[in-house]
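K.L.:
Sequence plus the predicted model coming up.
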Amino acid sequence: MTTKQLFGKRIVLGVGGSIAAYKAILLLRRLTDLGADVEVVMTASARQFITPLTFQTLSGHPVHTDLFATDDNMTHLRLAETADLILVSPATANLIGRFAQGLADDLLSTLILASHAPLLLVPAMDGGMWQHPLVQQNVKTLRETGVEVLDPEFGTLASGHIGWGRFPSEETIMSSIISLLTMPGDYHNEVLLITAGPTHEAIDPVRYITNRSSGKMGYALAQSAQKRGAQVTFITGPTSLTPPPGVHTISVSTAEEMQDEVHKHFARATVVIMAAAVADYRLTHPAETKLKKQGQKHLSLALSLTPDIVGNLAAKKTGQFMVGFAAETENLIEEATRKLKEKGLDMIVANDVTQPDAGFGSDTNAAIVLDAHGIVEDMPLMPKRGMAMKILDLIRVCLDNRQ
Ligand code: CTP
């Protein structure tokens, strides 16, 4: 990290009303040390915890608190237009709820609506509040509209309870800020074809075969690639997730449909990332009407292999960089190495789905990335969005080395 890595960057630091408001002082210090120009906006509740004078002294700017301040009643527009990043830290459940609803009833919420700058929220609240379905719904809404919301950490909370809700470490917050402000446009010349999610293979009109894939890893990859300037075609099986904004998304249901779409878009792609957990078998003859028990104790279904989508692309390759995924429960490296070779992949991301918090459906993942020469990187447990960035970094290095 260079000493003045954030020189020339303008950051609005919004401070919410939580005991973690004092940690915003430490962040402000780190940001200004790196050369950033930071202006602080405090909510009314934040001022119950800390006085503006502390932030004013450290930022070298007056602290903004009032939407209707008579000295400069266009503060919200000036801050909104000139910011390279709006960081809200700590973001309380109340702030998260108001932002998610698009409310503009104070200076901070108004300038957020008026700005096109990236928005990063650092939540701090009691674990029970964080896990409340309404808070989770608000976080989901914000993430779906492109807002970065960090996950709180597990540990002892201000209330003395132990749980999720702890303010993320300063290092985690700083690395998110730096990556948002220095987001490389290094995929500008790339066309990415990314798949995600499970597939559904019909048994009859009301039942299907599927797997536990949530699609989160593939969605994170599509969103991150788009943010880094790539043109992304995103082919997703059925999931409960909302497609990343700005990404050309095609929804499919079966392995066969996914194969058709992948083949349609393959020729234009420069990088293909097959994050989808494609069903390996489908019914040889799905029933046209609902199957009835009719007193049978056992039922056998005849299954046929689905097409190996990525395997079938090997012969059509015209220089595309091919990345596969391998979710395994045993012999991780051996299985991933075998798949890399058999499917003609350039890189494979292997993860052990028996590991806690690294399997299907979780927001975190741990993985080992391999290429034809062996292990490229061993990635510890981290948010899937962070892992998506790291995978794109590794692909970028390979693309650059090819040229
Ligand atoms: N894949 C694919 N088409 C399939 C099955 C898998 O393109 N019909 C892709 C996946 O998207 C993934 C890679 O192949 O990138 C490995 O998937 P996986 O399910 O682990 O491999 P399989 O070949 O199905 O191996 P197995 O089920 O025997 O573990």
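P.N.:
Thanks, I have it. Residues are numbered from 1 along each chain as shown.
K.L.:
name the element residue 218 belongs to?
P.N.:
helix 216-227 (DSSP states H and E).
K.L.:
same for that helix, what does it pack against?
P.N.:
Secondary-structure packing of helix 216-227 (3 or more CB pairs under 8 Å, 6 or more residues apart in numbering; DSSP states H and E): strand 191-196, strand 231-236, helix 384-402. The C-beta positions use only the backbone N, C-alpha and C, and glycine is treated the same way.
K.L.:
Tell me if it is near the ligand.
P.N.:
No - using CB under 6 Å from any ligand atom, helix 216-227 stays clear of the ligand, with a minimum separation of 9.2 Å.
K.L.:
Find the nearest non-adjacent residue to the residue of the stretch 101-250 of the chain found nearest the ligand, please.
P.N.:
Minimum separation of the stretch 101-250 of the chain from the ligand (CB to the nearest ligand atom) falls at residue 195, amounting to 6.2 Å. Among residues not flanking residue 195 along the chain, residue 276 sits closest, at 3.7 Å (CB to CB, 6 or more residues apart in numbering).
K.L.:
my read: that neighbour touches residue 196, true?
P.N.:
Yes - applying CB atoms under 8 Å as the test, residue 276 and residue 196 come out as touching, 5.6 Å apart.
K.L.:
any residues in contact with both of these two?
P.N.:
213, 218, 235, 236, 237 (CB atoms under 8 Å, 6 or more residues apart in numbering).
K.L.:
quick revisit: and the helices and strands packed on helix 216-227, which is most packed in?
P.N.:
For those, the largest average neighbour count (mean count of other CB atoms under 10 Å) is found in strand 191-196, namely a mean of 27.
K.L.:
Which residue comes closest to residue 237 once chain neighbours are left out?
P.N.:
Per CB to CB, 6+ apart, closest to residue 237 is residue 197, 3.5 Å.
K.L.:
who's in contact with the residue of the stretch 101-250 of the chain closest to the ligand?
P.N.:
Applying CB under 8 Å, 6+ apart to residue 195 gives the contacts 218, 234-237, 258, 262, 273-276, 278, 309.
K.L.:
Mark which of the residues you listed are buried, thanks.
P.N.:
Neighbour-count burial (16 or more other CB atoms under 10 Å) applied to these gives 218, 234-237, 258, 262, 273-276, 278, 309.
K.L.:
beta partners of residue 13?
P.N.:
residue 40, residue 87 (DSSP bridges).
K.L.:
For this structure, what lies in contact range of the ligand?
P.N.:
Residues of the chain that fall close to the ligand, judged by CB under 6 Å from any ligand atom: 255, 274, 276, 278, 280, 306, 308-310, 324-327, 339, 343.
K.L.:
same thing but at 5 Å, please
P.N.:
Applying CB under 5 Å from any ligand atom, we find that the chain lies next to the ligand at 274, 276, 278, 280, 306, 308, 309, 310, 324, 325, 326.
K.L.:
The fourth one - nearest residue in space that isn't next to it in sequence?
P.N.:
Among residues not flanking residue 280 along the chain, residue 306 sits closest, at 6.1 Å (CB to CB, 6+ apart).
K.L.:
likewise residue 329?
P.N.:
residue 354 (5.2 Å).
K.L.:
re earlier: in terms of distance to residue 33, which of the shared contacts of residue 276 and residue 196 ranks first?
P.N.:
Residue 33 lies nearest to residue 218 out of the shared contacts of residue 276 and residue 196, by CB to CB, at 37.4 Å.
K.L.:
Identify the residues contacting that closest one.
P.N.:
Going by CB under 8 Å, 6+ apart, residue 218 touches 194, 195, 196, 197, 234, 236, 273, 275, 276.
K.L.:
got the residues you listed as TSV, with distance to residue 348 and pLDDT columns?
P.N.:
Conversion of those to TSV gives the following (distance: CB to CB, whole Å; pLDDT from 0 to 100):
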residue	distance to residue 348	pLDDT
194	15	98
195	14	98
196	16	98
197	19	97
234	20	98
236	20	98
273	11	98
275	11	98
276	14	98
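K.L.:
and the gap between the residue lying closest to residue 92 once chain neighbours are set aside and the ligand?
P.N.:
Distances taken as CB to CB, 6+ apart put residue 16 closest to residue 92, at 4.4 Å, once the chain neighbours are dropped. In this view, residue 16 and the ligand are 41 Å apart by CB to the nearest ligand atom, to the nearest Å.
K.L.:
Next, count neighbours for residue 16.
P.N.:
Residue 16 has 27 neighbours, counted by other CB atoms under 10 Å.
K.L.:
I figured it hits residue 91, correct?
P.N.:
Yes - judged on CB under 8 Å, residue 16 makes contact with residue 91 at a distance of 5.5 Å.
K.L.:
Any idea how far apart the tips of stretch 86-101 sit?
P.N.:
With CA to CA, to the nearest Å applied, stretch 86-101 spans 18 Å between its terminal residues.
K.L.:
Report the buried residues of that stretch.
P.N.:
In stretch 86-101, counting by 16+ other CB under 10 Å, buried: 86-100.
K.L.:
Compute the distance between the closest residue in space to residue 402 that isn't next to it in sequence and residue 334, please.
P.N.:
Leaving aside its chain neighbours, residue 402 sits nearest to residue 321 (7.8 Å; criterion: CB to CB, 6+ apart). Distance of residue 321 to residue 334, given as CB to CB, to the nearest Å: 24 Å.
K.L.:
so who does residue 44 touch?
P.N.:
Neighbouring residues of residue 44 by CB under 8 Å, 6+ apart: 17, 65, 106.
K.L.:
And for the first one, the neighbour number?
P.N.:
So the one you mean is residue 17. If we define neighbours as other CB under 10 Å, then residue 17 has 20 of them.
K.L.:
can you check the last one too?
P.N.:
Other residues within reach of residue 106, judged by other CB under 10 Å, total 19.
K.L.:
Not counting its neighbours along the chain, what's nearest it?
P.N.:
In space, residue 106 is closest to residue 67, 5.7 Å off (CB to CB, 6+ apart).
K.L.:
Quick check: the one you found touching residue 114?
P.N.:
No - using CB under 8 Å, residue 67 makes no contact with residue 114, being 11.1 Å away.
K.L.:
okay, and the common contacts of those two?
P.N.:
Common neighbours of residue 67 and residue 114 (criterion: CB under 8 Å, 6+ apart): residue 76.
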